[in-house]
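Undergrad: coords please:
(one chain, ligands or ions: 2)
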Amino acid sequence: MTTAALIVAAGKGERAGGTVPKQFTQLCGKPMLVHSVTAMSSHPAITETTVVIGEGQEDQARSAFGESVNFVTGGAERRDSVRAGLEALVGKGVTRVLIHDAARPFLPAAVIDALLEALDRAPGAVPVLPVADTLAKGDTILGDNVPRAGLNRIQTPQAFHFDAILAAHRAWPAGEEATDDAQMLRRMGQDVMLVPGDPMLEKITHPADFAAAEARHAATLISRSATGFDVHRFEAGQELWLGGILIPHDKGLSGHSDADVALHAITDALLGTIGAGDIGMHFPPGDPKWRGAASAQFLEHAAGLVREQGGIIDFIDLTLICEAPKIGPHREAIRASIAAILSLPVSRVSLKATTTERLGFTGRGEGMAAQATATVRLPE
Ligand code: CTP
Ligand code: MG
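TA: Ligands and ions are numbered 1, 2, ... in the order given. You can find the predicted model right below:
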């Protein structure tokens, strides 16, 4: 059984406004289109994913995906775009196809499961939500109620036996408007099953829908905290970098990179939140590439990994442990620098400092330690 996913993303997004079509607008850290493509291609039953894009959108699409996705050029109406995608799948042995709007970025795997299961019973299946509000006619004056019992809100993806939906598209009379693919199959006298939809699948149509989608997404995330710890040795003649700021002092920290103990501890804390090992695994100290390297790039890398997983960085708490220099005079500069590296407001970065009462290696001024806690929200 070959099951293809066809994601239509060739629209202009006119109602959503913005400088780029809505499917390429950043949503929860990624271009909107990337969310549904990832959901489709990571589902075990989906064997290939094709994205239908508009003419002239090739560069935008390539920059969102690299080379990993098949692209087809769509048409003037959504129906033309679906048709182009279906025709591109002909001859590839596809038996089932899921047709999906890029404008519905969050696609639960359970909906895909339910649709594919329903295809064992009928040539088509659609996800639906019940209508909760009272429905009534009227323009400026309230008219009669419309009974809502038995009414459904239809979402995508819509799932079909490939040959059946291809035949329905090819037979559709030119010039006649089709509301969706499932209605085209019904016109051929075929049954379409209803399966439970999901509020996460709500379509993004108007400008306000972006913030609502971000909020729906955030509500599905769970909080995680992880710690990071680092130590570097003081040496005369070295620069002292803390949190990406050069601090005037009579000695500095030595290490393979710029030895920014603060950024190293935060980098490890962030890597910890996604179980991605530690800084040494990502930037091996033996690698000449990192000799004297600015540690901001290590932190940016870790933050990028968290965000690639759909994560939100909520808070960083950092403690620097040393007798000298005094951190207080540099506190705000260091906080601002860390916040800038992580693209966070300064209020989400905390910096504390302590001595160890002249005890131990920090007390003797032989080195400096840093510990950090990162709090993030991540998909479960
Ligand atoms: N679509 C498409 N080809 C078209 C028109 C629409 O592939 N010629 C896609 C859109 O990219 C979207 C989905 O169909 O993923 C649903 O359409 P809609 O929400 O109406 O998106 P747009 O047409 O882009 O938006 P608008 O109507 O506001 O311009
Ligand atoms: Mg449209």
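Undergrad: for stretch 209-216, buried residues please.
TA: Buried residues in stretch 209-216, counted by 16 or more other Cβ atoms under 10 Å: 209, 210, 213, 216. For glycine as for every other residue, the C-beta is placed from the backbone atoms N, C-alpha and C.
Undergrad: and the second one, that one's in a helix?
TA: Spelled out, that is residue 210. Yes. Assigned with DSSP: H, G, I helix; E, B strand; the rest coil, residue 210 falls within a helix.
Undergrad: how far away is it from residue 141?
TA: 33 Å (Cβ to Cβ, to the nearest Å).
Undergrad: end-to-end on stretch 120-129?
TA: Using Cα to Cα, to the nearest Å, the end-to-end distance of stretch 120-129 comes to 21 Å.
Undergrad: contact residues of the stretch 51-200 of the chain facing ligand 1?
TA: Within the stretch 51-200 of the chain, the residues that sit near ligand 1 (Cβ under 6 Å from any ligand atom) are 52, 74, 75, 76, 77, 78, 81, 101, 102, 103.
Undergrad: next, format these as JSON lines and append secondary structure, neighbour count and distance to residue 364.
TA: Listed next are these as JSON lines, based on DSSP: H, G, I helix; E, B strand; the rest coil; neighbours: other Cβ atoms under 10 Å; distance: Cβ to Cβ, whole Å:
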{"residue": "52", "secondary structure": "strand", "neighbour count": "28", "distance to residue 364": "66"}
{"residue": "74", "secondary structure": "coil", "neighbour count": "24", "distance to residue 364": "69"}
{"residue": "75", "secondary structure": "coil", "neighbour count": "16", "distance to residue 364": "74"}
{"residue": "76", "secondary structure": "coil", "neighbour count": "11", "distance to residue 364": "75"}
{"residue": "77", "secondary structure": "coil", "neighbour count": "13", "distance to residue 364": "75"}
{"residue": "78", "secondary structure": "helix", "neighbour count": "19", "distance to residue 364": "71"}
{"residue": "81", "secondary structure": "helix", "neighbour count": "24", "distance to residue 364": "70"}
{"residue": "101", "secondary structure": "strand", "neighbour count": "22", "distance to residue 364": "64"}
{"residue": "102", "secondary structure": "coil", "neighbour count": "28", "distance to residue 364": "60"}
{"residue": "103", "secondary structure": "coil", "neighbour count": "24", "distance to residue 364": "62"}
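Undergrad: please verify my assumption that residue 58 contacts residue 71.
TA: Yes. Here residue 58 reaches residue 71: they are 6.8 Å apart, a contact under Cβ atoms under 8 Å.
Undergrad: out of these two, which sits in the busier spot?
TA: Taking other Cβ atoms under 10 Å, residue 58 and residue 71 do not tie; residue 71 has more neighbours (17 against 12).
Undergrad: hang on, that one in a strand?
TA: Yes. Assigned with three-state DSSP, residue 71 falls within a strand.
Undergrad: so for it, what's the pLDDT?
TA: What the model reports for residue 71 is a pLDDT of 95.
Undergrad: try the one 10 residues further on
TA: Looking at residue 81, its pLDDT stands at 97.
Undergrad: could you find the closest non-adjacent residue to it?
TA: Nearest residue to residue 81, sequence neighbours excluded (Cβ to Cβ, 6 or more residues apart in numbering): residue 74, at 3.1 Å.
Undergrad: give the contact list for residue 52.
TA: By Cβ atoms under 8 Å, 6 or more residues apart in numbering, residue 52 lies in contact with 6-10, 71-74, 81-82, 84-85.
Undergrad: neighbours around residue 55, how many?
TA: Neighbour count of residue 55, defined by other Cβ under 10 Å: 10.
Undergrad: helix, strand or coil for it?
TA: coil.
Undergrad: how much space between it and ligand 1?
TA: Per Cβ to the nearest ligand atom, to the nearest Å, residue 55 is found 10 Å from ligand 1.
Undergrad: contacting residues for that residue?
TA: Residue 55 touches 73, 74, counting by Cβ under 8 Å, 6+ apart.
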